[in-house]
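Student: Any chance you could fold what I've pasted below:
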Amino acid sequence: MFFDWTYIYLVLPCIILAMLASAGVNNTFNKYSKQISRRRLTGAQAAQRVLDANGVRGVRIEHVSGNLTDHYDPKSNVIRLSDNVYNNPSTAAIGVACHEAGHAVQYAKNYAPIKLRAAIIPITNIGSKLAMPLILMGILFGFLGELSYTFVYIGIACFGLSFVFQLVTLPVEFNASRRAIRAIDQQELLTDEEIKGARKTLSAAAMTYVAATAVALAQLLRLILIFGRRRDD
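Tutor: Sure, this is the predicted structure:
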């Protein structure tokens, strides 16, 4: 009976890391959601201040339902802030809102990594859908010899696009957080003490992207090891 040790020592630790990162960002956000800023600016107001300070015009700020569903939609040119961020004057809400405003500034300033990420999204989506079917075809058509491995390798390459996307996402997210903290400091949206809450919230969120990248890399390496070993056999 075949037991896949590659999952145990490669993928599982990264999945556990991702779970811990997810729990960490929720716990950190909940903690600093209780720290109300002295200026009592809401997340939406803080995001608008960041846009104004960077000369970015025409970006709408809207409310979206859900918990930590905040995002910037470049197609609609809209920053959508969640229930606990949009009208919340906490240091956590201001940190998250300014981070999303940072993404809008990235597009306005033609920040290269975010343009690259946007460009590879369609290819990544196609690759993620084709990866496993191609690998399964390679397994089912094993009687074709080398041709079957061609399907497998193309499938693994398609899966690898997910890792490339996660890798490109890292500088985008870190840069948006740096822009957010810099804007909060320069515009004095929070005091020196309060800004620590925003920084810790964004640092916790950044760990979720690091963990997602680790999971994607581990899964890619697992596929390479499994099918490389089978071919040697």
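Student: Please tell me how far the residue most central in space within the chain sits from residue 202.
Tutor: Geometric centre of the chain, nearest residue: residue 209, 4.6 Å, by C-alpha atoms, centre = their mean. Distance, residue 209 to residue 202, by C-beta to C-beta, to the nearest Å: 11 Å. For the C-beta atoms, the positions are set from N, CA and C on the backbone; glycine is no exception.
Student: So which residues of this structure form strands?
Tutor: Listed in chain order, the strands of the chain (DSSP state E) span 60-63, 71-73, 78-81.
Student: got the contact list for stretch 98-116?
Tutor: Residues outside stretch 98-116 that contact it (C-beta atoms under 8 Å, 6 or more residues apart in numbering): 46-48, 50-51, 54-56, 59, 70-72, 74, 77, 79-81, 168, 171-172, 175-181, 183-184, 189, 198, 202, 205.
Student: and what of stretch 74-89?
Tutor: 29, 33, 36-37, 39-44, 47, 58-73, 92-93, 96-97, 100-101, 103-104, 107, 118.
Student: returning to that earlier point: verify the stated contact: the residue nearest to the centre of the chain with residue 171.
Tutor: No: applying C-beta atoms under 8 Å, one finds residue 209 not in contact with residue 171, separated by 10.0 Å.
Student: in this structure, which segments are predicted with low confidence?
Tutor: 1-3, 142-147, 229-233 (pLDDT under 70).
Student: Check the burial of the closest residue to the residue nearest to the centre of the chain other than its chain neighbours by counting its neighbours.
Tutor: Here the nearest residue to residue 209 in space, its sequence neighbours aside, is residue 173; by C-beta to C-beta, 6 or more residues apart in numbering that works out to 5.0 Å. When counting by other C-beta atoms under 10 Å, one arrives at 21 neighbours for residue 173.
Student: count of residues packed around the nearest residue to residue 117 once chain neighbours are set aside?
Tutor: Leaving out its chain neighbours, the residue that sits closest to residue 117 by C-beta to C-beta, 6+ apart is residue 168, at 4.8 Å. Neighbour count of residue 168, defined by other C-beta under 10 Å: 19.
Student: cool, and residue 95?
Tutor: 32.
Student: who touches it in this structure?
Tutor: 32, 180-181, 184, 197-199, 201-202.
Student: ok, now residue 38?
Tutor: Contacts of residue 38 by C-beta under 8 Å, 6+ apart are 191, 194.
Student: Give me the phi and psi for it.
Tutor: Dihedral angles phi and psi of residue 38 (degrees, to the nearest 10) take the values phi -70, psi -40.
Student: likewise the one 3 residues further on?
Tutor: Dihedral angles of residue 41 (phi, psi; degrees, to the nearest 10) stand at phi -70, psi 140.
Student: Surely it and residue 189 touch.
Tutor: Yes: the criterion here is C-beta under 8 Å, and residue 41 meets it with residue 189 at 5.9 Å.
Student: quick revisit: just the buried subset of the contacts of stretch 98-116, please.
Tutor: Buried by 16 or more other C-beta atoms under 10 Å: 46-48, 50-51, 54, 56, 59, 70, 72, 79-81, 168, 172, 175-177, 179-181, 183-184, 189, 198, 202, 205, out of the contacts of stretch 98-116.
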